[in-house]
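*Asks:* predicted model follows, preceded by the sequence.
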Amino acid sequence: MEELKTKGQDLLQNILVWLQDVVLTYDSLFQLGAVFILLLLSSGIVFWLKPAMKKLFGERQTFRKLEVLYINPMYLPVIWLILLEMADTVMQLQEFPTGIMRIAISLLSAWIVIRLATNLIKTREIARLVRVLVWVLVALNVVGWLDPGMELLDKARFKIGEYEVSVLGMITGVLTLLVLVWVGNLLAGLMESWLKKVPTVTPSARVLLSKLSRIVLVVVAFLIALSSVGIDLTAFAVLGGAIGVGVGFGLQKVVSNFISGVILLLDRSIKPGDVIEVSGTYGRIDKLAARYTSVIARDGREFLVPNEDMITQPVINWTYTNKEVRRHLPVGISYGSDVDRAIEILIEAADETPRVLATPAPRVLIKGFGDSSIDLELRAWIADSEQGVSNVASEVYYLIWKKFQEDDSVEMPFPQRDVHIVSDVRMKEIEGPAES
């Protein structure tokens, strides 16, 4: 602890000496003022340049794609760097000290390179964190404080159980974990893209392999990060049991949904692209995630159904074995209608509907005799249930209605009641015996 205190005091003393000898001098303050003035000048140039560039290249699709990610963030630092380089050249020709100017140029150049490189990271928060950390390391190295700072962090140690860990080791482990997780996600994404191009891999197997590869890569990244800190991985053999018990109680639903998702992928009862109906939700499966199944309804709504419900609840898979689905359309006609002609009309309406299949051919059955109608049922097959099943029924019903209106031999049923009126004489004859 005493050694750590001494190292900290020495580093602080070096910083104060550097500030006094390098920064707080007339030449350095003049250079700092020049750097600030050039920053203001760069801002003015950017304010004029942005509209001009958009007017010149704004209609091009390539420019629009690059504008947000690469061009807009680079206007100010690039122009500022150019002005600093010009000022540095002029000051060197005048034999004026340029130490602070060179530091500013180095830091700004590093920021531009880091900014462009971190654009490859899709997650904005992680990209911003990596950008700041790398630039701070570069800045410390430029001013000569990196090695003393790392030595100080290495001296700062604390104990975790039987293991002694330094602050430098913890920072290294966290940075290693972040980098490896990012690389793992990148590799998993590349693998997923490759699997999509392999025609022999089923959608269920593709999702399962993508999940497993992502999990394995994250676990490997975590273990490597722990190893870089200096923690013996064998200690987690005992800790793993305790973690398992905690997960079993605290994350029971989460684990249940995850295991259910794996089971669904293995037994292939549902897969991306299937049209299903579960708990009153009808739609097409968009993806199978670790915790839920995404079902997109016909109206555009996306339902996130827990994977556990896909196993414990009854699920209607309209496209499980094949995509052909039979629709049952009940139709009633009056008792005075020509039944044979009505059956012909129903089959004609089905044949004229584009989405109804010709094979198997539509059929009409007499299902029963109601109070005021003969109950018929049209059975027609479709092969694109993902396009909806109610809309095709609506098309068939509309054609049936039009054909019924054009044909006098078929009538639509409506409730009928016979009312018998009894005369007063008859009523007295009925009521007479009752009164006597």
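*Replies:* Cool, the structure landed. What you are looking at is a predicted structure, and each value in this text was computed from that prediction instead of being measured.
*Asks:* hey, let's count contacts and neighbours off CA atoms from now on
*Replies:* OK.
*Asks:* neighbours around G33, how many?
*Replies:* Per other Cα atoms under 10 Å, the neighbour tally for G33 reads 12.
*Asks:* within the helices and strands, which one has it?
*Replies:* helix 26-57 (DSSP states H and E).
*Asks:* likewise for D286?
*Replies:* Assigned by DSSP H and E, D286 falls within strand 281-288.
*Asks:* ok, that strand: who's next to it in the sheet?
*Replies:* Strand 281-288 has the following sheet partners, assigned by DSSP bridges: strand 275-278 (antiparallel), strand 292-296 (antiparallel).
*Asks:* and the strands in the stretch 251-400 of the chain?
*Replies:* Applying DSSP state E, counting those that start in this stretch to the stretch 251-400 of the chain gives strands spanning 275-278, 281-288, 292-296, 302-306, 315-317, 325-333, 363-369, 374-382.
*Asks:* follow-up on the earlier one: so which of the strands paired with strand 281-288 is nearest D418?
*Replies:* strand 275-278 (44.6 Å; Cα to Cα).
*Asks:* so for the closest one, mean pLDDT?
*Replies:* Taken as a whole, strand 275-278 carries a mean pLDDT of 87.
*Asks:* before we move on, the earlier item: could I have the strand holding D286 exported to CSV, CA atoms only?
*Replies:* C-alpha atoms of strand 281-288 as CSV (Å, rounded to 0.1, in the frame of the first residue of the first chain):
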residue,chain,number,x,y,z
THR,A,281,-53.2,-15.4,-32.4
TYR,A,282,-53.0,-16.1,-36.2
GLY,A,283,-50.0,-15.3,-38.3
ARG,A,284,-46.7,-16.2,-39.9
ILE,A,285,-43.7,-17.1,-37.8
ASP,A,286,-41.0,-14.6,-38.5
LYS,A,287,-38.2,-15.9,-36.2
LEU,A,288,-37.5,-18.1,-33.2
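*Asks:* could you check the angle that strand makes with strand 302-306?
*Replies:* 80 degrees (axes from the mean of the first three to the mean of the last three Cα atoms, to 10 degrees).
*Asks:* got any ranges where the stretch 101-250 of the chain has weak pLDDT?
*Replies:* Low-confidence segments of the stretch 101-250 of the chain (pLDDT under 70): 143, 145-146, 148-149, 152-165, 200-205, 228-250.
*Asks:* tell me the most buried of the strands paired with strand 281-288?
*Replies:* strand 292-296 (a mean of 22; mean count of other Cα atoms under 10 Å).
*Asks:* now that strand, how far from the centre of its chain.
*Replies:* 12 Å (Cα atoms, centre = their mean, to the nearest Å).
*Asks:* just the C-alphas of it, formatted as CSV.
*Replies:* Output of strand 292-296 as CSV, limited to C-alpha atoms (Å, rounded to 0.1, in the frame of the first residue of the first chain):
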residue,chain,number,x,y,z
TYR,A,292,-40.0,-15.9,-27.6
THR,A,293,-41.4,-16.7,-31.0
SER,A,294,-42.2,-13.8,-33.3
VAL,A,295,-45.5,-14.1,-35.1
ILE,A,296,-46.6,-11.5,-37.6
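*Asks:* state the mean pLDDT of it.
*Replies:* 88.
*Asks:* which residues of the stretch 101-250 of the chain fall in strands?
*Replies:* Under DSSP E, counting those that start in this stretch, the stretch 101-250 of the chain gives strands at 157-160, 163-166.
*Asks:* for M412, give me its contacts.
*Replies:* By Cα atoms under 8 Å, 6 or more residues apart in numbering, the contact set of M412 is 332-334, 404.
*Asks:* one more time with 10 Å
*Replies:* Counting by Cα atoms under 10 Å, 6 or more residues apart in numbering, M412 makes contact with 331-337, 372-374, 401, 404-405.
*Asks:* got phi/psi on it?
*Replies:* phi -80, psi 140 (degrees, to the nearest 10).
*Asks:* gap between it and E395?
*Replies:* Between M412 and E395 the computed distance is 18 Å (Cα to Cα, to the nearest Å).
*Asks:* could you do M53 as well?
*Replies:* Computed as Cα to Cα, the M53 to E395 distance reads 53 Å.
*Asks:* who's more crowded, those two?
*Replies:* E395 (16 against 11).
*Asks:* now do the domain split for this protein, please.
*Replies:* Using automatic domain parsing, the domain ranges for the chain come out as 2-154, 165-250, 261-317, 325-406.
*Asks:* want to throw the ones you listed into TSV with distance to R417?
*Replies:* As requested, the domains of the chain are exported to TSV (distance: least, Cα to Cα, whole Å):
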stretch	distance to R417
domain 2-154	72
domain 165-250	59
domain 261-317	38
domain 325-406	9
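*Asks:* residue ranges of the helices in the stretch 151-300 of the chain, please?
*Replies:* In the stretch 151-300 of the chain, the helices defined using DSSP state H, counting those that start in this stretch lie at 167-196, 203-229, 236-250, 252-267.
*Asks:* got these as a markdown table, with distance to T281 columns?
*Replies:* Listed next are the helices of the stretch 151-300 of the chain as a markdown table, based on distance: least, Cα to Cα, whole Å:
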| stretch | distance to T281 |
| --- | --- |
| helix 167-196 | 28 |
| helix 203-229 | 21 |
| helix 236-250 | 29 |
| helix 252-267 | 18 |
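*Asks:* of those, which is nearest A349?
*Replies:* Nearest to A349 among those is helix 203-229; the distance by Cα to Cα comes to 36.9 Å.
*Asks:* give me the angle between the closest one and strand 281-288.
*Replies:* 50 degrees.
*Asks:* list the helices and strands helix 203-229 packs on?
*Replies:* When contacts are defined as 3 or more Cα pairs under 10 Å, 6 or more residues apart in numbering; DSSP states H and E, helix 203-229 sits against strand 163-166, helix 167-196, helix 252-267, strand 281-288.
*Asks:* of the ones you listed, which is nearest E324?
*Replies:* Between E324 and the helices and strands packed on helix 203-229, the tightest spacing by Cα to Cα is seen for strand 281-288, at 15.1 Å.
*Asks:* may I see the buried residues of that closest one?
*Replies:* Within strand 281-288, the residues that qualify as buried are 282-288, counting by 16 or more other Cα atoms under 10 Å.
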